[in-house]
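1. quick one, structure for this:
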Amino acid sequence: MNTALWIVQIILALMFVVAGIQKSMQPKARLVEKLPWTEDFSPCMIRFIGIVELLAAVGLVLPAATGIVPILTPLAASGLVVIMILAILTHRRRGETGAIVFNAALLMAAAFVAWARFGSFA
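-> Just a heads-up that it's a prediction; the model follows:
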């Protein structure tokens, strides 16, 4: 179980590092081409989302790997669950069904990490 959990954590972290860098570094005009939902948000909000995703990616791996404040790992995963719920609501409003499925898969993976890592504190 621990190996599967680490695999999910690392894959999620890599995905959110890529997404976070993309959203926090690229101009909005360029993002709208690849991520149509960004046209509904200000450049500051898009950057904020990207930075939060980067921080969550770090939080998924570093605290559990180092043993320094390991409670941050399930908290980071829980934060990603919230972000994915908001993403699903945004894509639902825009009628972007494919994106909903992808975000739901990320939500389930993050929920698995949160559940499993919170369980280690019980």
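2. and the helix or strand harbouring Ile7, what does it pack onto?
-> Taking DSSP states H and E as the criterion, Ile7 maps to helix 2-25. Applying 3 or more CB pairs under 8 Å, 6 or more residues apart in numbering; DSSP states H and E, one finds that helix 2-25 contacts helix 28-34, helix 43-66, helix 72-94, helix 97-119. Placement of C-beta: from N, CA and C, glycine included.
3. repeat the analysis, applying 7 Å as the threshold.
-> Helix 2-25 sits against helix 43-66, helix 97-119, with contacts defined as 3 or more CB pairs under 7 Å, 6 or more residues apart in numbering; DSSP states H and E.
4. among the ones you listed, which comes closest to Ile21?
-> Nearest to Ile21 among the helices and strands packed on helix 2-25 is helix 43-66; the distance by CB to CB comes to 6.9 Å.
5. and stretch 21-30, what's buried?
-> Gln22, Lys23, Ser24, Gln26, Lys28 (16 or more other CB atoms under 10 Å).
6. quick one: the first one from Ile46, how far?
-> Relative to Ile46, Gln22 is positioned 10 Å away (criterion: CB to CB, to the nearest Å).
7. separation between the residue nearest in space to the middle of the chain and Gln9?
-> What sits nearest the mean C-alpha location of the chain, by CA atoms, centre = their mean, is Leu80, with 4.3 Å. Distance of Leu80 to Gln9, computed by CB to CB: 11 Å.
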